[in-house]
Structure formats: C-alpha cells, structure tokens
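Asker: Got a sequence here, can you build the structure:
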Amino acid sequence: MFPSWPIRFHHHTPVGSSKSGGGGGEESTDSGSAANTVSTTAPESPVSTKPSSSDHHHLQPPQMDGAGGFSQTHQTAGRQTPEKTLRRLAQNREAARKSRLRKKAYVQQLESSRIRLTQLEQDLHRARSQGIFLGGGGVAGGSISSGGAIFDMEYARWLDEDLRHMSELRTAVQAHLTDGDLRVIVDAYISHYDEIFRLKGVAAKSDVFHLITGMWATPAERCFLWMGGFRPSDLIKMLISQLDPLTEQQIMGIYGLQQTSQQAEDALSQGLEQLQQSLIDTIANGSINDSMHHMAVALGKLANLEGFVRQADNLRQQTLHQLRRILTVRQAARCFLVIGEYYGRLRALSSLWASRPREALQMADDNSCQTTTDLHMVQSSQNQFSNF
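Answerer: Got it, this is the predicted structure:
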C-alpha cells in the first residue's frame, strides 16, 4: 500500500498568502514547518548502518575518567610500549657489540697462534739444519717433548721481543733521554728478562732435560751453558771492562756480587755432582730382581734436577737485579746493551758455523785427520820411551 521511501510533498505557498485570513496563515505556517522538517531529514539506507557487535567489541573507545580525560591505565600502557621497545633494542645492540668483540678476540687469538706455529716450524727447521736433534735424543725418534716444543716457541717469541727492546734501549741511549724516561725503558727490559725466567720455570716442570741440556739454544751458546743458562760470575767478568768509569763504591759492590755469585755457583755445582754420583750408585747397584725398585728410586732423585735449575735461574735473575741497583740508570742501560749484543753475536756465530761452505768442512776434516795422526805418533813415541 505505502511505498518504502516517504513521499516528500513540496508545498508552494502563494506570494499573496499574507493577505489571507488568520486561519489560512496558521495552516500555511504549519505546512511550512512540516515541509522543512521533512526536507531536513536525511534519507536512511535500507541496509542498517549500525555497527555490529564484533565491531563494537574491537573498537572500544578509550575510557574517560570523571574529569573528562583519558584513564591512567590507557596512558601508562601507551607510555610503557615505547620504553620496552627501546630497552629491547638497546639490549640487542649491546649483545651484538659483545658478539663482535668476542669474534674479534677469537680471530686475533687464531692469528697469534698461527704466527707462533709458523715461528715454531722455522725454529725446528733451523734446529734440524744445525744438527740439534740427534739420534739418541730425549725421546724415541730423536724428537722433543711437547713441553720442550712449547718452550722453544715461547723462546722464539721472546727473542723477537728482545730485538725490539734492544732497539728501543739503543735509541734511548743515543738520544740522551732524561733519567726518568730512561729508567722506564730499563725497568721494562728487566721485566723482559723476568719473563724468560718465568717461562723456564714452567718448562722445567714438564721437561727439565730440555732446559739443562740446552736444546733450545744455539750450538755456540750451549758451549757456555751452566745448568740451563749463563754463569752469573762469567757475565760479571765480561761486564766489568765494559762499564767504565765506575766509582769505588760501585767497583766494590760489583766485585762483592761476583764473589757471592761464584760461591753460589760452586755450591750448586757440588750439589749437582752429588746427585749424579747418587744416581750412578743407584742404577749400578740394582739387581735384576729389584730393578723396578731401583728405577723408582732413580726417578725420585731425577726429580731434584728441577730444583737445581730453578735455583740456578733464581741466581741469574737476582744477579741482574743487583746489577741494576748498583749501577746508575745510564750505566744499567749500557750494561743491558752489552749483554744483549754479546748473546746476539753468539747466535750469529752459530749461524755462520752452520752455513760455512763445504770446502771449509773438508779442510776441517783434513786438519782433524792430521791432528789425529800426530796424536797417534806422539802416543807411540811415548810408549817407546816408556818401554825403554
């Protein structure tokens, strides 16, 4: 019957309706207001525009408090979300930075290990070329132990550091630095020597024979070894002529140090001889039935070798520190320069000896044969005179 859309009636009021009666005016006024009401009403779609229950559930407006502002819970949640995000990002950056540092340290450690391994291979090759490894070495096959190999590697690194310290010390002496600056360099060189004594102490625990036989040193250095190192008294004798001028008090102090060093060396040498004689008696007097017992006793006595090497290194270390106290800063700098150059020349002499030409080797063999022949002739003549 009725259409779905309301029909809008447009009522046209005549222009001259104002002259009509009062009743007509009221009707026109009512109709005009009704028309205006109908025209201003917006048309509604047959499809409902009210939000569904699900939309109403998801799109809840923020709650407001009594004062007309947003509630404190909504404000706190909005403020905590960026703070948590920033904190998490900062933690991620810190973890990434630590990971990069660990990776860098690991790479550096690998690189240093590679360099040390290369140096060890070079040292072993040089040692074989110089005839260090003999057929009846410390272990089967003529090779060295792991402790000895590690010490050789550390000693090669120490020699590289020694060259750097020597260059720095020589430059400081030639540049005439102040006593304060020169003292810092001299103390660093003393610490450098303390490092080699520490390394030798560690090596003595693992393979004392490697140290006491001088397998880590060059052939020329091994000629002057005493219990795995230099004799302090011989070193002082070499230094006395190189440290002029000295005051009378310094001369007395150096000679007193030489005397005490000589006494300590004699005591250690005597103790080592007694140990060797005790080992000879233990091994020689052992019977077949009690051989294992005597070998165990001999092993216990061999363990005392480590103590002798440690005491000898302690004497060497104390001698260097006493020289540093007796001498002035500049005299101490020259003293350590002389020591470093002396052992550097010994190592150079070993290299020259190993690389000498074959003609010299043949001449040396001829000379040795001639010397042996002369010795036999002298011995035969002495025998003839004795018979006569």
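Asker: This structure: strands as residue ranges?
Answerer: Shown for the chain, no strands are assigned by DSSP state E.
Asker: okay, and for it, where does confidence drop off?
Answerer: 1-81, 123-143, 286-291, 358-388 (pLDDT under 70).
Asker: one more time with 90, if that's ok
Answerer: 1-88, 98, 101-150, 153, 175-179, 206, 213-216, 240-246, 279-303, 350-388 (pLDDT under 90).
Asker: Just give me the longest helix of it.
Answerer: helix 72-129 (DSSP state H).
Asker: packing partners for that helix?
Answerer: Other helices and strands packing on helix 72-129, by 3 or more CB pairs under 8 Å, 6 or more residues apart in numbering; DSSP states H and E, are helix 146-174. (Each C-beta comes from the backbone N, C-alpha and C, glycine too.)
Asker: which parts of the helix it packs on are buried?
Answerer: 147-157, 162, 165-166, 169, 172-173 (16 or more other CB atoms under 10 Å).
Asker: cool, and stretch 314-325?
Answerer: Of the residues in stretch 314-325, those buried (16+ other CB under 10 Å) are 315-317, 319-320, 322-324.
Asker: which of the residues you listed lies closest to I254?
Answerer: Distance to I254, by CB to CB, is smallest for L323 among the buried residues of stretch 314-325, at 7.6 Å.
Asker: who's in contact with the nearest residue to the closest one once chain neighbours are set aside?
Answerer: Nearest in space to L323, with sequence neighbours left out and distances taken as CB to CB, 6 or more residues apart in numbering, is C335 at 6.0 Å. Under the criterion of CB atoms under 8 Å, 6 or more residues apart in numbering, the neighbours of C335 are 239, 242-243, 323, 327.
Asker: L346 against A220, yeah?
Answerer: Yes - the pair L346 / A220 is scored as a contact, 4.6 Å apart, by CB atoms under 8 Å.
Asker: export the buried residues of stretch 314-325 to CSV and tack on distance to G300?
Answerer: Shown next, in CSV, are the buried residues of stretch 314-325 (distance: CB to CB, whole Å):
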residue, distance to G300
L315, 25
R316, 27
Q317, 27
T319, 31
L320, 33
Q322, 34
L323, 37
R324, 38
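Asker: between the residues you listed, which is closest to F209?
Answerer: Nearest to F209 among the buried residues of stretch 314-325: R316, at 19.1 Å, using CB to CB.
Asker: That closest one against P232, yeah?
Answerer: Yes - contact criterion CB under 8 Å: R316 and P232 qualify, at 5.6 Å.
Asker: Count the neighbours of the nearest residue to L211 once chain neighbours are set aside for me.
Answerer: Nearest non-adjacent residue to L211, counting by CB to CB, 6+ apart: G228, 4.0 Å away. Per other CB atoms under 10 Å, the neighbour tally for G228 reads 25.
Asker: quick one: contacts for G228?
Answerer: So G228 contacts 200, 204, 211-212, 214, 309, 312-313 (CB under 8 Å, 6+ apart).
Asker: Rebuild the residues you listed as CSV, extending it with neighbour count and distance to Q250.
Answerer: CSV is the format used below for those (neighbours: other CB atoms under 10 Å; distance: CB to CB, whole Å):
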residue, neighbour count, distance to Q250
K200, 23, 29
A204, 23, 34
L211, 27, 33
I212, 20, 34
G214, 19, 33
V309, 22, 31
A312, 25, 26
D313, 20, 26
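Asker: In CSV: these, plus distance to A267.
Answerer: Below are the contacts of G228 laid out as CSV (distance: CB to CB, whole Å):
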residue, distance to A267
K200, 20
A204, 19
L211, 20
I212, 17
G214, 22
V309, 15
A312, 11
D313, 15
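Asker: Which members of the residues you listed occur in helices, if any?
Answerer: Reading helices off those with DSSP H, I get 200, 204, 211-212, 309, 312-313.
Asker: Return the member of the residues you listed nearest to Y255.
Answerer: Using CB to CB, A312 is the member of the ones in helices among the contacts of G228 that sits closest to Y255, with 21.5 Å.
Asker: Would you check that D179 makes contact with R330?
Answerer: Yes - assessed by CB under 8 Å, D179 is found in contact with R330 at 7.5 Å.
Asker: Neighbour count for those two, which is higher?
Answerer: A direct count of neighbours by other CB under 10 Å for D179 and R330 places R330 higher, at 16 against 11.
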